[in-house]
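S.K.: Please work out how this folds:
(one chain, ligands or ions: 1)
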Amino acid sequence: MNSDAALELITVSKTYGQIKALDKVSLAIQSSQFVGLLGQNGAGKTTLFQLLTGLFNNDSGQIQVCGHDIRRHPIDALSSIGVVFQQSTLDLDLTVQGNLKFHCLLHGLSRSEAEHRIASELERFDMTAVRYQPVRSLSGGNRRKVELIRSLLHRPRLLLMDEATVGLDPESRKSLVNHVISLCKERDLAVLWSTHIVEEIQQADRVVVLDKGKILADSSPDKLLAEEDSGVSLSDAFLHLVNLNKTIGVVHGHAC
Ligand SMILES: Nc1ncnc2c1ncn2[C@@H]1O[C@H](COP(=O)(O)OP(=O)(O)OP(=O)(O)O)[C@@H](O)[C@H]1O
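M.R.: Now for the predicted structure:
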């Protein structure tokens, strides 16, 4: 067990009937690490996030967040996590302030501390001007920024970004990635960034490739490129790895 890790999974499995959505997954993320998670449809990414956010329990294995076991000490573990989900969870009819304040109060912050943190995070993201606007009136990119700000208000140690750029234009996507990379380094945050868009994680410290519930690779983007020797881009390396795993699966299937 790595007690310094912001997130540690040890042989975590989750099945749905016959389907092994996660199969003995082990993974550790340290503070200040930005880890990209790649996987094709059905690889197990959503299942992983569902376990990490306490929505479902793993069948076996252990999940620790900042040293807190998510099953035995869920409040300590979950309060160390900030999450931006793929689907927006903002109340469109409330103002930005209303959404952010609600989150602060849920986390037990006093009203004055909430005001202070909201003001300083909005300033950090250059969003002070929209503080009292209804979320409905914001662009998609700004709504995502509000969700990111909200995820940071209780000062998490681990940030989970679950396909958080879906629906954003390339510029807004790039801006969100850059914001999160800066935060990761400035605040010693551990980040797990799940995406289908390989270019988003070119600057990641590590790239984890998940396929059919198993980790196929866990290394730096440069190392992954060199190891796969499959083309010029990280995207080529990812596809090569996943296709290779498909071929191995077929060969094993025939052998049995
Ligand atoms: N509630 C469920 N009941 C049954 N099977 C499920 C359930 N949730 C996920 N699965 C199966 O588990 C596997 C992993 O699915 P999961 O949604 O975690 O993958 P994913 O990587 O998030 O895919 P996508 O990129 O399409 O969102 C798939 O085979 C999926 O069909």
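S.K.: C-alpha only now, for contacts and for neighbours.
M.R.: OK.
S.K.: Could you list the buried residues of the strand or helix carrying A77?
M.R.: Under the criterion of DSSP states H and E, A77 resides in helix 74-78. For helix 74-78, burial by neighbour count (16 or more other Cα atoms under 10 Å) applies to P74, A77, L78.
S.K.: ok, now stretch 49-66?
M.R.: F49, L51, L52, T53, N57, N58, Q62, I63, Q64, V65, C66.
S.K.: got a list of contacts for that stretch?
M.R.: With contact meaning Cα atoms under 8 Å, 6 or more residues apart in numbering, stretch 49-66 is reached by 3-15, 24, 69-71, 74, 77-78, 80-81, 157-158, 160, 162.
S.K.: please redo it, this time with the cut-off set to 6 Å
M.R.: A6, L7, E8, L9, I10, T11, V12, S13, K14, D69, I70, A77 (Cα atoms under 6 Å, 6 or more residues apart in numbering).
S.K.: With stretch 28-39 instead?
M.R.: 5-8, 184-185, 188-195, 201, 204-211.
S.K.: can you rerun that using 8 Å?
M.R.: Contacts for stretch 28-39 (Cα under 8 Å, 6+ apart): 2, 4-9, 45, 157-158, 181, 184-185, 187-196, 198, 201, 204-211, 238.
S.K.: Centre of the chain to it, how far?
M.R.: 8 Å (Cα atoms, centre = their mean, to the nearest Å).
S.K.: What separates the first and last residues of it, distance-wise?
M.R.: 18 Å (Cα to Cα, to the nearest Å).
S.K.: Using PyMOL, define a selection of the buried residues within the contacts of stretch 49-66.
M.R.: In PyMOL, this line selects whichever of these come out buried by 16+ other Cα under 10 Å:
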select buried, resi 6+7+8+9+10+12+13+14+69+70+77
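S.K.: show me what contacts L152?
M.R.: Residues in contact with L152 (Cα under 8 Å, 6+ apart) are G82.
S.K.: Show me what whichever strand or helix holds K101 packs onto, helices and strands only.
M.R.: K101 belongs to helix 96-106 when assigned by DSSP H and E. If you count contacts as 3 or more Cα pairs under 8 Å, 6 or more residues apart in numbering; DSSP states H and E, helix 96-106 packs onto helix 111-124, helix 140-152.
S.K.: can you pull the buried residues of that helix?
M.R.: In helix 96-106, counting by 16+ other Cα under 10 Å, buried: V96, Q97, G98, N99, L100, K101, H103, C104.
S.K.: Can I get it in CSV, CA atoms only?
M.R.: The C-alpha trace of helix 96-106 is given here as CSV (Å, rounded to 0.1, in the frame of the first residue of the first chain):
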residue,chain,number,x,y,z
VAL,A,96,-23.4,30.9,-10.7
GLN,A,97,-23.3,32.1,-7.1
GLY,A,98,-26.3,30.1,-6.1
ASN,A,99,-24.8,26.9,-7.5
LEU,A,100,-21.5,27.4,-5.9
LYS,A,101,-22.9,28.4,-2.6
PHE,A,102,-25.1,25.4,-2.4
HIS,A,103,-22.1,23.2,-2.9
CYS,A,104,-20.1,25.0,-0.1
LEU,A,105,-23.0,24.6,2.3
LEU,A,106,-23.3,20.9,1.5
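S.K.: Kind regards, and thank you for your time.
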